[in-house]
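1. Build me a model:
(one chain, ligands or ions: 1)
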Amino acid sequence: MSSNFRVGVIGGGTGGLCLAQALHQAGVPVAVYERSGVRTDRLQGYRVHINPKGSRALHECLPRELWQTFVDTCGSPGGAFRFVDERLGELLSIEDDVTAGPDHDPTRSHHSVSRITLHQVLSAGLSDVLHLDKEFERYERAADGTITCHFGDGTTATVGVLVGADGANSRVRRQYLPEARRIDTGIRAIAGKLPLTDEVRSRLPEAVWSGPNNVLPPSGCGMFMAPHDLSESLLSTAANAIGGNDASAAEGPHFDNTTSYLMWSYAANNSKYPCTDDELSALDTRGLRELAGRQIAGWHPDLRRMVADTPDETVTLLPIRTSVPVKQWETTTVTVLGDAIHSMTPFRGIGANTALRDAQLLARNLIAAARGERELLAAIRDYETRMIDYGFAAVRLSLRTARQTVSNNWFGRSMFKAALRVFAMVPPLKRKVFADLGND
Ligand SMILES: Cc1cc2nc3c(=O)[nH]c(=O)nc-3n(C[C@H](O)[C@H](O)[C@H](O)COP(=O)(O)OP(=O)(O)OC[C@H]3O[C@@H](n4cnc5c(N)ncnc54)[C@H](O)[C@@H]3O)c2cc1C
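-> Model prediction:
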């Protein structure tokens, strides 16, 4: 290892920690600066769907035992992936022999992981690397090429390569790439979590809670539901163990890491809500849940009951924003990954997976540069060229899905539903639909 540079990562989230795990394991000096001191600083409530690309990235970046811990502490993402109408009439069901991935190999499969567990996995073994309560403010480049980061507590850190992994409102991006923008799509989602108790399992039809469901009403809105089922996981619930609860669980159900639940999310354009954006933002969690219930008033009673029975504290309003694709910039020793550059709508469940893919690729290239196998700027340039290509492809895909979900085009929605019914009769087409969902 001829590493003469130290990598500074701003942001200890999904992408930043995954990058740090890979670099640390390869012996490349790395430090992560994270603004939060405790987990309750941020919403941690909803599970993250990890697809095969995300699984491959985690498998490559994590030490072997930690990868196994990740697999053991995941919940089940459920079986068949279904498209249904608002009366729960089935349009298409993609069975679990397709959704489980080839040979049920965990490195090429789908996983449902709680955000808390994912964070526990990604930060394990990094106590010397991860610096908490370090809110990045700005950086300065010196004549010798080193970069000095300034933090809110008045301290500084000097690094050779700076990676902005500080999420959608990235300060690194704002300073480095001020032309990169995020916009409001006008879409507003209301999401909640219904605990999957025995009573709920017996009361609701199994198809509602046993796998992901995409609900397609005639037009103007949509709903996505997905289970996070821990009943068969190899979870250890010991306090502070990975997959277990920590002190943050006392803050309420959003921080409870050990309960199985059905997550739902209703989405529509802000014009479809019977109130202004300001009034919507001002609603408390009970008001949001009741509003979601009114929005689906004519839907199947089981769907209405699912929303009505959801604990208020788990309900959240999600204003949907997206980044605007940018052209490639001149490469330097400052770079960005994940939401810091290509934040996207949550409609395909691929933002975290894309951040993990960035971490995998950037780690490979930085490790090769540290070993003297390739020139540093060429390694970063290669990462940026590929990341901009697949990252903004994911942004466009998720935005298209978001717009289709809330589209007022009744005719287009009817044609799509008719196509799903045809696909339902042709197994190879089902596989294609599943791959097109961004799941390959
Ligand atoms: C409701 C919802 C559901 C989703 N579901 C999925 C899913 O199922 N699958 C999927 O792939 N994606 C999903 N996503 C998207 C996913 O959460 C993000 O794309 C992913 O977390 C991005 O990872 P990241 O590392 O780039 O940023 P983050 O995980 O947001 O991490 C950024 C980190 O930087 C820190 N930070 C910010 N500013 C500073 C600063 N100034 N100084 C220091 N630290 C700072 C933050 O505290 C944070 O820890 C979902 C998103 C939402 C909103």
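2. In contact with the spatially most central residue of the chain, which residues are there?
-> By CA atoms, centre = their mean, the chain has its centre lying nearest to Ala352, at 3.7 Å. The contact partners of Ala352, taken as CB atoms under 8 Å, 6 or more residues apart in numbering, are Thr14, Gly15, Val48, Ile50, Gly54, Leu118, Gly338. Where you see a C-beta, it was placed from the backbone N, CA and C, and this is true even at glycine.
3. The third one and Thr117 touch, don't they?
-> No. With contact defined as CB atoms under 8 Å, Val48 and Thr117 do not form a contacting pair (9.3 Å).
4. Can you list the buried residues in stretch 12-30?
-> Of the residues in stretch 12-30, those scored as buried under the neighbour-count criterion (16 or more other CB atoms under 10 Å) are 12-26, 28-30.
5. if we can go back for a sec, pLDDT at the residue nearest to the centre of the chain, what is it?
-> Per-residue pLDDT puts Ala352 at 97.
6. Thr148 falls within a helix, correct?
-> No. Thr148 is assigned strand when assessed by DSSP: H, G, I helix; E, B strand; the rest coil, not a helix.
7. residues in contact with it?
-> Counting by CB under 8 Å, 6+ apart, the residues that Thr148 touches are Tyr139, Glu140, Arg141, Ala142, Thr156, Ala157, Thr158.
8. redo that, cut-off 7 Å
-> Applying CB atoms under 7 Å, 6 or more residues apart in numbering, we find Thr148 in contact with Tyr139, Glu140, Ala142, Thr156, Thr158.
9. just to revisit the earlier point, show the overlap between the contacts of Ala352 and what lies near the ligand.
-> Of the entries in the contacts of Ala352, those that also sit close to the ligand under the rule CB under 6 Å from any ligand atom are Thr14, Gly15, Val48, Gly338.
10. In helices, which of those fall?
-> Of those, the ones assigned to helices by DSSP state H are Thr14, Gly15.
11. So which of the ones next to the ligand among the contacts of Ala352 sits lowest on pLDDT?
-> pLDDT across the ones next to the ligand among the contacts of Ala352 is lowest for Val48, at 91.
12. In the beta-sheet assignment, what are the partners of that one?
-> When bridges are called by DSSP bridges, Val48 pairs up with Val113.
13. From what I see, it and His111 are in contact.
-> No. Contact status for Val48 versus His111: not in contact, 8.6 Å apart, counting by CB atoms under 7 Å.
14. need the residues of the stretch 1-150 of the chain near the ligand, please.
-> For the stretch 1-150 of the chain, the residues in contact with the ligand (CB under 6 Å from any ligand atom) are 10-16, 33-36, 46, 48-49, 134-136.
15. Which members of those are classed as buried?
-> Applying 16+ other CB under 10 Å to these flags 10-16, 33-35, 46, 48-49, 134-136 as buried.
16. nearest to Glu199, of the residues you listed?
-> Proximity of these to Glu199 (CB to CB) peaks at Tyr46, which lies at 22.2 Å.
17. ok, and the closest non-adjacent residue to that closest one?
-> Met263 (5.5 Å; CB to CB, 6 or more residues apart in numbering).
18. what are the phi and psi angles of that neighbour?
-> Reported as degrees, to the nearest 10, the phi and psi values for Met263 are phi -90, psi 140.
19. ok, now Glu86?
-> Glu86 adopts backbone torsions of phi -70, psi -10, taken as degrees, to the nearest 10.
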